[in-house]
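Q: Pasting a predicted model and its sequence here:
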Amino acid sequence: VGFLVGEAVESKTFIFNGEVTGPAITHLSQVNPTFWLILGVGIARAELDRAEIGWVEPENVPVDKPGLLRDDYIPGNIGF
């Protein structure tokens, strides 16, 4: 729905200061690269935090058990 409606409300949004225009298929390429950088760093940070919460540090894992989860960790439960 957003893909279709987005073309009808072109430049009537505060997101990206109306800089994204034209057909919806071209919108991603028009977004400022800084946005993608911030988004990528945010996702990487969230994934790193999740890995630190769930997995045992590699130096503390036996060679025959790579990817060992912490004993008190429940998959999917990251504490909020």
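A: Sure, I can see it.

Q: for the protein, which spans come out with low pLDDT?
A: The chain contains residues with pLDDT under 70 at 1-18, 78.

Q: Tell me where it has helices.
A: Using DSSP state H, the helices of the chain run over 2-8, 27-30, 33-54.

Q: Of all the ones you listed, which one is nearest K65?
A: Comparison of the helices of the chain against K65 by C-beta to C-beta identifies helix 33-54 as nearest, at 14.4 Å. The C-beta positions use only the backbone N, C-alpha and C, and glycine is treated the same way.

Q: distance between the closest one and the chain's centre?
A: Distance of helix 33-54 from its chain centroid, counting by C-alpha atoms, centre = their mean, to the nearest Å, is 6 Å.

Q: swap in stretch 61-76?
A: 24 Å.

Q: so L69 makes contact with P75?
A: Yes - between L69 and P75 there is a contact under C-beta atoms under 8 Å: 7.2 Å.

Q: Common neighbours of these two, please.
A: Common contacts of L69 and P75, defined by C-beta atoms under 8 Å, 6 or more residues apart in numbering, comprise G54.

Q: The two: which is more packed in?
A: Of the pair L69 and P75, L69 is the one with more neighbours under other C-beta atoms under 10 Å, namely 12 against 7.

Q: Which residues does the more buried one form beta bridges with?
A: Applying DSSP bridges to L69 gives these bridge partners: W55.

Q: Now do it against G76, distance only.
A: With the distance defined as C-beta to C-beta, to the nearest Å, L69 ends up 11 Å from G76.

Q: show me the contacts for the residue most central in space within the chain.
A: Residue closest to the mean C-alpha point of the chain, counted by C-alpha atoms, centre = their mean, is I43 at 3.6 Å. By C-beta under 8 Å, 6+ apart, the contact set of I43 is empty.

Q: Roughly how far does it sit from W36?
A: 10 Å.

Q: Number of residues surrounding V20?
A: Per other C-beta under 10 Å, the neighbour tally for V20 reads 19.

Q: which ones are touching it?
A: Counting by C-beta under 8 Å, 6+ apart, V20 touches 27, 30-31.

Q: Tabulate the residues you listed in TSV, adding columns for neighbour count.
A: Below are the contacts of V20 laid out as TSV (neighbours: other C-beta atoms under 10 Å):
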residue	neighbour count
H27	16
Q30	11
V31	14
